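Undergrad: Below is the sequence, then the predicted model.
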Number of protein chains: 2
Amino acid sequence: MTDHNSLPNSTPDVTSADLAATSIREMILEGHFMPGDRLHQDQLAETLGVSRTPLRTALARLAQDGLIDYEPNRGYRIRRFLVTDIREAFTVRANLEGLACRLAAESGMSRSDRDRLMALVEEGDRILSNRVLDISQLPAYRRMNVEFHETIINAAGNRWIGRFVHQSHNVPLVSDRVILWDDFGVIHRSHDDHHRIAKALADGDGVRAQNLMSEHVIYAGQLLADRLEADPTAALRHAFQDRKAER
Amino acid sequence: MTDHNSLPNSTPDVTSADLAATSIREMILEGHFMPGDRLHQDQLAETLGVSRTPLRTALARLAQDGLIDYEPNRGYRIRRFLVTDIREAFTVRANLEGLACRLAAESGMSRSDRDRLMALVEEGDRILSNRVLDISQLPAYRRMNVEFHETIINAAGNRWIGRFVHQSHNVPLVSDRVILWDDFGVIHRSHDDHHRIAKALADGDGVRAQNLMSEHVIYAGQLLADRLEADPTAALRHAFQDRKAER
DNA sequence: ATCAGCATGAATGGATACATTTTATCGGAT
DNA sequence: ATCCGATAAAATGTATCCATTCATGCTGAT
């Protein structure tokens, strides 16, 4: 991931270990490995152009993040994620982001945060004004969506929520970067949630914002999980359809 | 920590890195370091009787857990925990454990889980039957309390909740192992919560169990945080008053 | 043919040596 | 006296080497 993918304090990759960690994380989240694959240290080290020592640091971090499994003397393996994992992660994300809304509302949104949310909502309006989903607009919509959610989490002022939501993004596909961009009605409704959430937050109506956000996330999760169960390959293709284009 | 302090999958310390990590974690949580202290690698390695390599993996893990801070080329430091951090961690813990209650109730508690909760509640009744707080009974009460909470979290069947609650225990004092054992009325009320929570779970009343648990945790957190603000040293002494005796 | 046991190879864990960065110290100039 | 810079010391980051464990495949006995 290119630094903007870590929520709270995204430090640039200064050490080789950082570089290795971000590279491997990106590879995993984009599906370059199969579940259960061994991560051979010598081999990976050579691939990434670093020695085993920083590589092992990177692996230790990723294992602690839950992205890979570790067994002493048996090395690291790509964690096997089931659709259940994705559903569960969305459940927790929904709860935590809902909590973030309530806390943000209760503590009183700052003027700048309110303005930013308004601006993001309007940007979404512009993107969707054609009333059709153009693939070229997905990156812009995604950026808007990510910033919307991050703004609220930061406004909540509870670092643990940010930490945990960030970690739940370590489950492949459980990220506000993954957007099923194929049904205008769904996207439009989702953006309408944003409208109401921003309004509720501005009004200091924490409970309403909480409920809206919780449902907002849960619905996205169910949609994704149902798709995955119905047709895994198609859903995966969809989720990553524009990733290469963005670079 | 002696292995029983990690919630989900407490692997025994097989590697030197495991040993170093658990040792350091225990030291930090028991207050052997001052906030902001540097963790010199050579020095720590010698103290723990391991070389720098496994020590560094241990430090990487602890940093990922949020127990220590890391800056490239500047090493690791003991994280500075403010009372605010503790309040925030309890807020999240309350929410997640409340969620665990709802999920556990909705999925239907297994017979064995219900029985275990009942047994734990009865054990608490026995411990408190004298209607006075004897320090010698604190360890038993704590074990009961820890198992009560863990049972529910496991019954929820959502691994992320367990993960995050476990991580929130990495904030010093934010653990169901820390119990202010000096006011019978408070403890009695807290245990009465357990009664109601167990009952609500057995009845499949998820919302009630959720509300009860959330309040249960929030109150404990407020009590602790208020004490810490009023008299930090006394509160700390209280929180750890029996730790040496238990070993 | 199957399975136990052993030997061999490969991969991981740990220790040490080297390189790079940071931090502290000292000297001098303003 | 203070500030600045150069230099030295110390600490971290990386690479390499050695030790230990695990997996594989073979041999041989039942």
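TA: Yes, it's here.

Undergrad: do you know how far A:E123 is from chain B?
TA: Separation of A:E123 from chain B (Cβ to the nearest Cβ, to the nearest Å) stands at 30 Å. Placement of C-beta: from N, CA and C, glycine included.

Undergrad: can you pull the contacts of that residue?
TA: Shown in contact with A:E123 (Cβ atoms under 8 Å, 6 or more residues apart in numbering or on different chains): A:140, A:144.

Undergrad: mind running it again at 7 Å?
TA: A:M144 (Cβ atoms under 7 Å, 6 or more residues apart in numbering or on different chains).

Undergrad: Can you list the buried residues in stretch A:136-153?
TA: Across stretch A:136-153, burial judged by 16 or more other Cβ atoms under 10 Å in any protein chain shown covers A:137-138, A:141-153.

Undergrad: quick one: that stretch near chain B?
TA: No - judged by Cβ under 7 Å from any Cβ of the partner chain, stretch A:136-153 makes no contact with chain B; its nearest approach is 12.0 Å.

Undergrad: Tell me how far that stretch lies from the chain's centre.
TA: Mean-position distance between stretch A:136-153 and its chain equals 10 Å (Cα atoms, centre = their mean, to the nearest Å).

Undergrad: Go ahead and produce PDB holding the CA coordinates of it.
TA: Provided in PDB are the C-alpha atoms of stretch A:136-153 (Å, rounded to 0.1, in the frame of the first residue of the first chain):
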ATOM      1  CA  SER A 136     -13.600   6.100 -14.600                       C
ATOM      2  CA  GLN A 137     -15.300   7.800 -11.600                       C
ATOM      3  CA  LEU A 138     -14.800   5.000  -9.200                       C
ATOM      4  CA  PRO A 139     -11.400   6.100  -8.000                       C
ATOM      5  CA  ALA A 140     -12.800   9.500  -7.200                       C
ATOM      6  CA  TYR A 141     -15.800   8.100  -5.400                       C
ATOM      7  CA  ARG A 142     -13.600   5.800  -3.400                       C
ATOM      8  CA  ARG A 143     -11.400   8.600  -2.300                       C
ATOM      9  CA  MET A 144     -14.400  10.600  -1.300                       C
ATOM     10  CA  ASN A 145     -15.800   7.600   0.600                       C
ATOM     11  CA  VAL A 146     -12.600   6.800   2.400                       C
ATOM     12  CA  GLU A 147     -12.200  10.400   3.500                       C
ATOM     13  CA  PHE A 148     -15.800  10.600   4.700                       C
ATOM     14  CA  HIS A 149     -15.400   7.700   7.000                       C
ATOM     15  CA  GLU A 150     -11.900   8.700   8.200                       C
ATOM     16  CA  THR A 151     -13.100  12.200   9.000                       C
ATOM     17  CA  ILE A 152     -15.800  10.900  11.200                       C
ATOM     18  CA  ILE A 153     -13.500   8.400  13.000                       C
END
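
Undergrad: which other helices and strands contact the one helix or strand A:V146 maps to?
TA: Using DSSP states H and E, the element containing A:V146 is helix A:138-156. Judged by 3 or more Cβ pairs under 7 Å, 6 or more residues apart in numbering or on different chains; DSSP states H and E, helix A:138-156 is in contact with helix A:83-107, helix A:111-128, helix A:159-168.

Undergrad: Angles on the backbone of A:E71, please.
TA: When read as degrees, to the nearest 10, the backbone of A:E71 gives phi -130, psi 130.

Undergrad: And for chain A, the residue most distant from the center?
TA: A:N73 (32.1 Å; Cα atoms, centre = their mean).
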